[in-house]
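Asks: got a predicted model here, sequence first, then my questions.
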2 protein chains.
Amino acid sequence: MAEDNTIFIGEKPFMNYVTAVVMQFTTKNASDIFIKARGKFISRAVDVAEVSSKRFLNGQADVGDIKIDSEEFTNKEGRQVRVSTIEITLKRK
Amino acid sequence: MAEDNTIFIGEKPFMNYVTAVVMQFTTKNASDIFIKARGKFISRAVDVAEVSSKRFLNGQADVGDIKIDSEEFTNKEGRQVRVSTIEITLKRK
C-alpha cells in the first residue's frame, strides 16, 4: 500500500525520520517512499530528504518528484486557515 | 538576466515577498520566476509560492519545477555545516 511508504514529518527527533526513511529502503525494500509535511515542518522534510538520500542512501536512492499544495481547514477559533504542504518522493535508483 | 527573476526568502514581512513575486509577473512581465530559500526559510518559500500562485496569480501562473539541494559551508566556530536549499519555479500560464 502507498501509505506504508509514507513518512510524516513532525516534532520527533530528526534522526528518527532519517532512520525510518533509510529502513524503508534497506529492510522493507521499498521502491519509492513519500516524505510529507505541513506548515513549519516543511523545512524539516527537506532536511530529512537531503540527509537520507545524500548521507545514508547515496547511490541507492535519489530525490524524485516534489509537490507542494495548500490545505484549508477551520481552526479551534472557527477561522478559515490555509497551510502549505509538501510531498517529496525518494526513488530507488 | 535570470537573477532578476529570483526572489530570496528571508526575515522580511511575508507579504513583501508575495508582492515582489506578483509584481514580477504583472509589471515586469516575467515568464518564469524563481523563489529560493535556505534552512528554516524553506517553509516560508513554499507559503510564498502557494499564496502568490493561488490567491493572487490564479489563472496567470502555476508552480513548475521544484528543486531541493544541500550546501556545505564552514560556520563561525570553524565547523562544517550542511544546510538544505529549495528553488521553486513559478511559470506564466
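Replies: Arrived safely.

Asks: helices or strands up against the helix ranked longest in chain A?
Replies: Counting residues, the longest helix found in chain A (DSSP state H) is helix A:14-26. Counting contacts by 3 or more Cβ pairs under 8 Å, 6 or more residues apart in numbering or on different chains; DSSP states H and E, helix A:14-26 is packed against strand A:6-8, strand A:32-38, helix A:42-51, strand A:80-92. For every residue, glycine as well, the C-beta is placed using N, CA and C.

Asks: now check the shortest one, is it near chain B?
Replies: No - counting by Cβ under 8 Å from any Cβ of the partner chain, chain B has no neighbours in strand A:6-8; the shortest distance is 15.1 Å.

Asks: enumerate the residues of chain A near chain B.
Replies: A:39-43, A:46-47, A:49-51, A:54, A:63, A:66-70, A:82, A:84, A:86, A:88.

Asks: A:Ser53 and A:Lys91 touch, don't they?
Replies: No - under the criterion of Cβ atoms under 8 Å, A:Ser53 is not in contact with A:Lys91, lying 9.4 Å apart.

Asks: overlap in contacts, those two.
Replies: A:61-63 (Cβ atoms under 8 Å, 6 or more residues apart in numbering or on different chains).

Asks: next one, pLDDT for A:Ser53 please.
Replies: According to the prediction, A:Ser53 has pLDDT 95.

Asks: and it, how far is that from A:Lys76?
Replies: 37 Å (Cβ to Cβ, to the nearest Å).

Asks: most neighbours among the shared contacts of A:Ser53 and A:Lys91, which one is it?
Replies: A:Ala61 (26 neighbours; other Cβ atoms under 10 Å in any protein chain shown).

Asks: nearest residue to that one in space, please, no chain neighbours.
Replies: A:Leu90 (4.8 Å; Cβ to Cβ, 6 or more residues apart in numbering or on different chains).

Asks: so what's that neighbour up against?
Replies: So A:Leu90 contacts A:21, A:25, A:32-33, A:35, A:49, A:52-53, A:57, A:61-64 (Cβ under 8 Å, 6+ apart).

Asks: report the buried residues of the longest helix of chain A.
Replies: Neighbour counts over helix A:14-26 (16 or more other Cβ atoms under 10 Å in any protein chain shown) mark A:17-18, A:20-22, A:24-25 as buried.

Asks: ok so, going back, closest to chain B out of the shared contacts of A:Ser53 and A:Lys91?
Replies: Nearest to chain B among those is A:Val63, at 6.1 Å by Cβ to the nearest Cβ.
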